[in-house]
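Student: coordinates only, sequence not included:
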């Protein structure tokens, strides 16, 4: 009788659960259908009745993209052109000129030239401003200009560009461009292999494995894996890269979602390449997503030591979903969790502050987890290195100068002062002094909270017509801020000089030249070498 009663209760509970899910689904479906109908009505009514001609496609593109912005920065709509760009990013292959293109304040610049590809062969340089591509004048072209530089192999493209105030013309023949996931690897001192992994595209694990095997063949007995500035990419490639150093069937990452089909476990599927080789992984604040999956798993499984500064803190997983007319939407479908169970997502996009910015998890709210060997690690904001290296973390002042291209633009001036440097270019104290003058001349403001607040005060004073009354006080504050900016530049002088030098090295010796320079002049790599050469310290960190 009791068993029958329990079965009735269980059946009733299950039936009620299905009923509630059904009701919830119906409610959601009705609300979605209702909002779509409202949106369609607004869209049609505005397009039919607006005083001027409207571009329905452009309006819809803007509407969808702005709607998705409210969710998180990673959930995005891809029109047909965007889909092509996404495929290029995941494969690493395309037909084009072999250069990084960037739009800034309405102008289109070449940000970096890749060695040996059409742009390089045509003599184009970083810092060149593109004025016209074919028949298209870029000043009047609102879309992504980089798409005009892609097309069928052997297509001839005429380019008009500006360099140091002079206009030049060149013809470029498009060719296949293969951007490597592992752009550089080398055998360093003391039989230490060094591998740079710059992205997680479809070739990432194959290229990393090939580099690892070649280094072992050359005699490498220890490995440094450099994930600095790696923004991530394909999740399964992160699992495959861990598999090079981790046993078969080991849990690497778990994804959890409200949608049950996205609740997945990702385990290693193959026999490892090397289970024993000592491993040091370098990360920084730009190591994100798949980079953090690798670093987090290596740390949680006590397979290697993580060095550098705290990683970016992106614990969300996206998937592109096909839509009609060749479009896609890339949706954040789940959060991922490292083997110990931690999610390293820093920002909570479901919660916004008064400025509508996502809220950070407070440090006191971080939860402790245990690695396989019992070491304590924390969630809440990126992967924290086992060995913190101060030089890996950029000062906010330096980050702003990089973000607003002040360092890039001044490096262009330095390059043309001496375009035929032999060996490694250097940045002198006189160059730094000239850089500070450039900052003043260009009126570049380090947008601190204080400077933004001061701007807001002046704008409000103008609106309230009390500008004259506060002029003296405002000027005093402005002078104080200028002195503060000067002090910030001086405080971070060596870091800024280093960033300028690295930019010059890329101009003269390409990205490969920068990696070669790193192997001999980089404190993070130097510390990784010292750690790998100190077996007791390495083992004590991992508690082995």
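Tutor: All right, it came through fine. Owing to the predicted nature of the structure, the values given are computational and were not obtained by experimental measurement. Numbering: from 1, shown residues only.

Student: three-state assignment of the residue nearest the centre of the chain?
Tutor: What sits nearest the mean C-alpha location of the chain, by CA atoms, centre = their mean, is residue 231, with 3.6 Å. Following DSSP: H, G, I helix; E, B strand; the rest coil, residue 231 is assigned to coil.

Student: Does it touch residue 285 like I think?
Tutor: No. Contact between residue 231 and residue 285 fails when scored by CB atoms under 8 Å: they sit 11.4 Å apart. Using the backbone N, CA and C atoms, a C-beta is placed for each residue, glycine as well.

Student: Identify the residues contacting the helix or strand where residue 214 lies?
Tutor: Assessed by DSSP states H and E, residue 214 sits inside helix 204-218. By CB atoms under 8 Å, 6 or more residues apart in numbering, the residues outside helix 204-218 that reach it are 180-182, 185, 187, 193, 195, 197, 223, 225, 233-234, 237, 240-241, 243-244, 273-274, 277.

Student: circling back: residue contacts, the residue nearest to the centre of the chain?
Tutor: Taking CB under 8 Å, 6+ apart, one finds 199, 286, 288-289, 291 in contact with residue 231.

Student: got those as JSON lines, with neighbour count, pLDDT and distance to residue 434 columns?
Tutor: Shown next, in JSON lines, are the contacts of residue 231 (neighbours: other CB atoms under 10 Å; pLDDT from 0 to 100; distance: CB to CB, whole Å):
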{"residue": "199", "neighbour count": "23", "pLDDT": "95", "distance to residue 434": "35"}
{"residue": "286", "neighbour count": "15", "pLDDT": "95", "distance to residue 434": "28"}
{"residue": "288", "neighbour count": "22", "pLDDT": "96", "distance to residue 434": "34"}
{"residue": "289", "neighbour count": "25", "pLDDT": "95", "distance to residue 434": "38"}
{"residue": "291", "neighbour count": "31", "pLDDT": "98", "distance to residue 434": "36"}
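
Student: Same list (the residues you listed) but as TSV, adding secondary structure and distance to residue 109.
Tutor: Below are the contacts of residue 231 laid out as TSV (DSSP: H, G, I helix; E, B strand; the rest coil; distance: CB to CB, whole Å):
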residue	secondary structure	distance to residue 109
199	coil	22
286	coil	21
288	coil	24
289	coil	27
291	helix	27
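
Student: Could you identify the most distant pair in the residues you listed?
Tutor: Greatest spacing in those, by CB to CB: 199 and 286 (11.8 Å).

Student: tell me, what's touching those two both at once?
Tutor: 230-231.

Student: Low-confidence stretches in the stretch 1-150 of the chain?
Tutor: 1-27, 88-89 (pLDDT under 70).

Student: which residues of it fall in strands?
Tutor: For the stretch 1-150 of the chain, applying DSSP state E, counting those that start in this stretch gives strands covering 76-78, 93-96, 99-104, 107-113, 129-133, 136-137.

Student: report the angle between the axes of the fourth one and strand 99-104?
Tutor: In this structure, strand 107-113 runs at an angle of 150 degrees to strand 99-104, with axes from the mean of the first three to the mean of the last three CA atoms, to 10 degrees as the basis.

Student: got a list of contacts for strand 107-113?
Tutor: So strand 107-113 is in contact with 98-103, 119-120, 124-130, 138, 145, 161, 408, 506, 510-511, going by CB under 8 Å, 6+ apart.

Student: Show me the shaky parts of the chain.
Tutor: Using pLDDT under 70, the chain drops low at 1-27, 88-89, 447-455, 457-458, 461-462, 465-469, 474, 544.

Student: can you point me to the longest strand in it?
Tutor: strand 328-337 (DSSP state E).

Student: where exactly do the helices run in the stretch 301-450 of the chain?
Tutor: All helices of the stretch 301-450 of the chain, identified by DSSP state H, counting those that start in this stretch, fall at 396-403, 406-417, 429-441, 449-463.

Student: With mean neighbour count and distance to residue 281 as new columns, can these be given to me in CSV?
Tutor: Putting the helices of the stretch 301-450 of the chain into CSV (neighbours: other CB atoms under 10 Å; distance: least, CB to CB, whole Å) gives the following:
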stretch, mean neighbour count, distance to residue 281
helix 396-403, 16, 23
helix 406-417, 19, 27
helix 429-441, 14, 33
helix 449-463, 12, 34
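
Student: Quick check: which of those helices is nearest to residue 494?
Tutor: helix 429-441 (9.2 Å).

Student: Output the contacting helices and strands for the closest one.
Tutor: Using 3 or more CB pairs under 8 Å, 6 or more residues apart in numbering; DSSP states H and E as the contact test, the elements touching helix 429-441 are helix 406-417, helix 467-491, helix 493-521.

Student: got the angle between the second one and helix 429-441?
Tutor: So that's helix 467-491. Per the same axes, to 10 degrees, the angle that helix 467-491 makes with helix 429-441 is 160 degrees.

Student: Enumerate the positions of helix 467-491 that are buried.
Tutor: Neighbour-count burial for helix 467-491 flags 477, 481, 485, 488-489 (criterion: 16 or more other CB atoms under 10 Å).
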